[in-house]
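Undergrad: Here you go, sequence then predicted model.
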Amino acid sequence: MALLWSVLQWCFTALICLFTILAVDLYTRKKSRFHTTRSLLEMYLVEVVAAILGTIKSRQMKKDLDNFLPVQEQFVLRQIRANENTQYGRDHQFGRIHSLADFRRLHPVTTYSHYAEYVERAENGDVNAILGKSKLVMMACSSGTTGKSKHIPISSEVQNTMLSMLAGLFTFQPQIKSAHRPLYKEMQILCRPRWRYSPTGIPIGPLSGYFTNKSILLAQWSTPFEAHVVDTEAEAMYVSLLFGIRDRNLCRIEGGFASGLYNMLMFIETNWRDLVADVRSGRLKEGLDLTEEQRRVITKYLVADPQRADELENEFNKGFDGILSRIFPNLEAVSALSSGTSMALYKKKCLPYLGNVDLVSLVYGSSEAFMGINVRSAREEPAYALIPSMALVEFLPVDATGTPLEGATPLLATEVKVGELYEPVITNWSGFYRYRLGDVVKVVDFYHQAPCVDFQFRAGQMLNVHMEKLSEEAFIAALQTAAGRWSGTTLLDFTSAESVLDPSPRPGAPYYLVFLELEKGEVTAEQLKTIDEVLCEQHFVYKSFRVKDSIAPMKVMTVKPGTFKAFRQFQFDTTTAFMGQFKQPRVLRNPKQVEFFMKHVNSQ
Ligand code: AMP
C-alpha cells in the first residue's frame, strides 16, 4: 500500500513538472497576436504531439528505409489479409496470396474502371464490397481535370498515412520543425469544400476537406477557424488574404500547387488597395458575394490596424519584386507542389515575388496515396523519397510520352534505374491494387534503399495528331523558346488541343490548336508562327510530318486577359473538380473546354 502511494505521489509530481515545463515553454515562446486562447492552445498541443510522435515515428521510418522491400511486402500482406473477406477479395482470390511474389503473379495491373462498381456499391452502403476491417470515412474526389472525377475510398487508416507523412517531414525536412518554433501563424487560402453525399450519407469531396473540418488542425492558419465559412473561390481568396496580410509575423505560406500560389500572388497584385483599406478600417469591403451571417462572423475577427496598413501600402507602392519577404519579415518558407512540366511555368513566375524566401515542394502524392517526401533542400530539384509504409509502389517503364515500353511489366523499387521514366503502379489503403496512377515520374536518386522520384507530367497529356506522340515537355520547351524571342510581351498561360476538337476545322491535314494568354502587349501573326518553326527545329518527328504536310501548321490564338482564371471557374462550375486541386490541363480533351477557349479568343 505504501509502495502504491509513493508511486502515485511520484506520478503526480512528474505530471506537475511536465505541466510546468509546458506552461513555461508556451509562455516564453513568441506568438502571433492574432491567436485566440483556443487557437493558441490547440496549435501548441499539435506542435507538442507532432514533435513527440514525429520523433518516435521518424526512428522507425529510418529503419524502414533500410529495409525497403520487406516493409513493402508487409504493407501488401496487411491489405490482403484485412480485405480477404470483402467481395473484391473473394473475386480476386486473396486467400491464395501469401507473399509479394504471389500478389504480383495473381493480381492484374488495373485502372480506375476496375474498381468503379465496387466503389459504387460502397457508396450505396455495401462498404464490405471493397473495405474489410477498416471504416470508410469519406470518398476523396481526384481532381477530374483530365476526365471524369474518380472516387477513392478513404479508410480510417488515413490517420496512419498522416502519421507517416508527419514522421517523414520530421525526418527529412528539419525546417518544418523550426518553422513551427515560434507560435506564429501560417497562411493558406481556405475555401470550405462543397461536400456532396452518397445515398447512404458518405461525404464526397477533396481529401484536404477531411483535415479542414477539425478546428485543432486549422489552429495554425491565419484565417480563424470560426471565420472559415466561405465556399466561393474569389471570396475565400479575399478573406484568407485579408487575414494573412494583416499579420506581419506570418511564418509560412502554403500555396497548394504552384499554380494556386501564382493565383494568390496575382490576386494580391490586383486587389492590394482594397485589402489594405480593409486592414486599415477593420471592415470587409462591400461587393463580396457573402451572406449577412458570413459577413458578420468574419468581421468579428477583424480589427482596424492603420499602422500595418501604412506599412503594407508603403511596400506595395515599391512594386512586387520580393514583396513577400518585405511584407512578412519572419517568413521562413513558401510551400507549393511545383514539380513537373505543367507547374514549371508557374514556379518560374512565382519566384520573383518571394524575395529571399525559398519555395519548397514538400511531398509527392495524390488522392490515391501519399507516396514520397522531398529529401533535398529547396534550392535543388526535388527528390521525393518513397516511404515504404505508405503504399506499395511498382514502376511501369514508359517512354518520353508516358507510353509503356513494349512488353514492359511493373518493376519493384530494387529494379529501377536512376534517370529512367516510369508510371507508378500503386497498392494503397483504399482497396486499390496494382493501380496505374497515370503520372510519369523520373527516378532521380536513392535514399538508403528508397528510390527518390520527381514528378514529370501526366501520361496522356500529349499531342498526337499523326502518330507523332509529342510530349507535353517537348511542346512546352518549344513554346518557351519561341516566347523568349518575342519582345514586349510575356507568356502568362497556355493550353492546346488537337484539331479534331476545333469547332471550325480547317480542311486537310490535322494540326494543333494553341491558346495563349499574354501578360501585356500583343504578338504579330508572324511571331505566333515561330512556335511551329521552333517545334520543327527541336522535334525531329514533328518536323518530318510537317515537311510532308501530314501535319498542318498550328492554329495559334491569343485569348482575352483573365481567360485562364475564368476557365478555372468554368471547370469548377461544370465538373466535380475542386478548386484547391485544379491543375490547368495543357492538352484539352473535352469539346466543351475547347469551345470555352474559342469564345475568349481575341478578334484578329
Ligand atoms: P489530386 O489527386 O487531384 O490531388 O492530384 C494529385 C496529382 O497531383 C498527382 O497525381 C500528380 O499528377 C500531381 N502532383 C502530386 N505531387 C506533385 C508535386 N510535388 N508537384 C507537382 N505535381 C504533383
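TA: Structure received. Residues are numbered from 1 along each chain as shown.

Undergrad: Near residue 478, how many other residues are there?
TA: Neighbours of residue 478 under the rule other CB atoms under 10 Å: 22. In short, each C-beta sits where N, CA and C put it, glycine included.

Undergrad: The helix or strand where it lies near the ligand anywhere?
TA: Taking DSSP states H and E as the criterion, residue 478 maps to helix 472-485. No - using CB under 6 Å from any ligand atom, helix 472-485 never reaches the ligand; the gap is at least 11.7 Å.

Undergrad: got a list of contacts for that helix?
TA: With CB atoms under 8 Å, 6 or more residues apart in numbering as the test, helix 472-485 has contacts from 341-342, 344-345, 400, 456-458, 461-463, 490-491, 494, 496, 514, 527, 530-531, 533-535, 537-539, 542, 586-587.

Undergrad: Could you restrict the residues you listed to the ones contacting the ligand?
TA: The subset of the contacts of helix 472-485 within reach of the ligand, by CB under 6 Å from any ligand atom, is residue 458.

Undergrad: among the contacts of helix 472-485, which ones are buried?
TA: Among the contacts of helix 472-485, those scoring as buried are 341-342, 344-345, 456-458, 461-463, 491, 494, 496, 514, 527, 530-531, 533-535, 539, 542, 586-587 (criterion: 16 or more other CB atoms under 10 Å).

Undergrad: so how far is the ligand from residue 402?
TA: Distance of residue 402 to the ligand, computed by CB to the nearest ligand atom, to the nearest Å: 11 Å.

Undergrad: Would you mind giving me the confidence score for that residue?
TA: On the pLDDT scale, residue 402 is placed at 87.

Undergrad: Residue 103 too?
TA: Residue 103 is assigned a predicted lDDT (pLDDT) of 98.

Undergrad: coming back round to it: does anything pack onto the next helix-or-strand element following the helix holding residue 478? Which helices or strands?
TA: As assigned by DSSP H and E, the chain's next helix or strand after helix 472-485 is strand 491-498. If contacts are counted by 3 or more CB pairs under 8 Å, 6 or more residues apart in numbering; DSSP states H and E, strand 491-498 sits against helix 341-354, helix 472-485, strand 512-518, helix 563-574, helix 591-599.

Undergrad: ok, and which of the ones you listed has the densest surroundings?
TA: Comparing those by mean neighbour count (mean count of other CB atoms under 10 Å), strand 512-518 ranks first with a mean of 22.

Undergrad: Parallel or antiparallel, list what pairs with it.
TA: Looking at strand 512-518 with DSSP bridges, its partner strands are strand 491-498 (antiparallel), strand 555-558 (parallel).

Undergrad: How about the contacts made by residue 429?
TA: Residue 429 makes contacts with 79, 134, 154-155, 157-158, 160-161, 369, 391, as judged by CB under 8 Å, 6+ apart.

Undergrad: repeat that for 10 Å
TA: The neighbours of residue 429, taking CB atoms under 10 Å, 6 or more residues apart in numbering as the test, are 75, 78-79, 82, 131, 134, 152-158, 160-161, 368-370, 390-391.

Undergrad: Quick check, pLDDT for the nearest residue to residue 100 once chain neighbours are set aside.
TA: Closest residue to residue 100 apart from its sequence neighbours, by CB to CB, 6 or more residues apart in numbering: residue 73 at 4.1 Å. For residue 73, the pLDDT comes out at 98.

Undergrad: oh, and call the first residue 296 from now on, that's how I've got it
TA: Understood, numbering begins at 296; the last thing we discussed is residue 368.

Undergrad: Wait, residue 368 touches residue 394, no?
TA: Yes - with contact defined as CB atoms under 10 Å, residue 368 reaches residue 394; the gap is 6.9 Å.

Undergrad: These two - which one has more neighbours?
TA: Higher neighbour count among residue 368 and residue 394: residue 368, with 17 against 12, using other CB under 10 Å.

Undergrad: State the helix or strand in which that one lies.
TA: Per DSSP H and E: residue 368 is located in helix 363-377.

Undergrad: buried ones in that helix?
TA: 363, 366-372, 374-377.

Undergrad: ok, and of those, which contact the ligand?
TA: The subset of the buried residues of helix 363-377 within reach of the ligand, by CB under 6 Å from any ligand atom, is empty.

Undergrad: Flag every buried residue along stretch 323-338.
TA: Result for stretch 323-338 [16+ other CB under 10 Å]: buried residues 326-327, 329-330, 334-335, 337-338.

Undergrad: Identify the residues contacting it?
TA: Contacts to stretch 323-338, defined as CB under 10 Å, 6+ apart, come from residues 321, 339, 342, 475-481, 509-521, 538-539, 541-546, 596, 598, 625.

Undergrad: quick revisit: among the contacts of residue 724, name the buried ones.
TA: Buried members of those, scored by 16+ other CB under 10 Å, are 370, 374, 377, 426, 429, 447-450, 452-453, 456, 663-665, 685-686.

Undergrad: Just the ones in strands from these, please.
TA: Among these, the members found in strands (DSSP state E) are 447-450, 665.

Undergrad: Contacting the ligand as well, which ones from those residues?
TA: Among those, no residue is within reach of the ligand (CB under 6 Å from any ligand atom).

Undergrad: Tell me the one among these nearest to residue 763.
TA: Closest to residue 763 out of these is residue 447 (33.8 Å), distances taken as CB to CB.

Undergrad: Look up how far residue 892 lies from that closest one.
TA: 30 Å (CB to CB, to the nearest Å).

Undergrad: got it, and residue 576?
TA: Counting by CB to CB, the separation of residue 576 from residue 892 is 40 Å.

Undergrad: Residue 634 now?
TA: From residue 634 to residue 892 the distance is 26 Å (CB to CB).

Undergrad: quick one, helices of the stretch 546-695 of the chain?
TA: For the stretch 546-695 of the chain, helices defined by DSSP state H, counting those that start in this stretch occupy the ranges 553-576, 587-595, 601-612, 618-622, 636-649.

Undergrad: And for the stretch 696-845 of the chain?
TA: For the stretch 696-845 of the chain, the helices defined by DSSP H, counting those that start in this stretch occupy 767-780, 820-833, 835-842.

Undergrad: Help me confirm that residue 732 comes into contact with residue 661.
TA: Yes - between residue 732 and residue 661 a contact is recorded at 6.6 Å, counting by CB under 10 Å.

Undergrad: so what sits against both of the two?
TA: Each of 437, 686, 719, 721, 723 lies in contact with both residue 732 and residue 661 under the rule CB under 10 Å, 6+ apart.

Undergrad: could you list every residue that touches the fourth one?
TA: By that I understand residue 721. By CB under 10 Å, 6+ apart, the residues touching residue 721 are 661, 663-664, 666, 685-689, 705, 727-732, 734.

Undergrad: now with 8 Å?
TA: By CB under 8 Å, 6+ apart, the neighbours of residue 721 are 663-664, 666, 686-689, 727, 729-730, 732.

Undergrad: Out of the residues you listed, flag the one nearest to residue 527.
TA: Minimum distance to residue 527 across the contacts of residue 721 is 27.9 Å, recorded for residue 663 (CB to CB).

Undergrad: gap between that closest one and residue 362?
TA: Residue 663 is 24 Å from residue 362, where distance means CB to CB.

Undergrad: re earlier: need the helices of the stretch 696-845 of the chain in TSV with mean pLDDT, can you?
TA: Formatted as TSV, the helices of the stretch 696-845 of the chain follow (pLDDT from 0 to 100):
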stretch	mean pLDDT
helix 767-780	89
helix 820-833	93
helix 835-842	87
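
Undergrad: Let's have those in TSV, adding distance to residue 312.
TA: Formatted as TSV, these follow (distance: least, CB to CB, whole Å):
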stretch	distance to residue 312
helix 767-780	58
helix 820-833	68
helix 835-842	71
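
Undergrad: Point out the residues in this structure that sit beside the ligand.
TA: 437-438, 632-635, 638, 656, 659-662, 732, 734, 750, 753, 876.

Undergrad: From these, which land in strands?
TA: Those of the residues of the chain next to the ligand lying in strands (DSSP E): 632, 659-660, 734, 750, 753.

Undergrad: Confirm for me that residue 631 is in contact with residue 555.
TA: Yes - counting by CB atoms under 8 Å, residue 555 is a contact partner of residue 631 at 6.8 Å.
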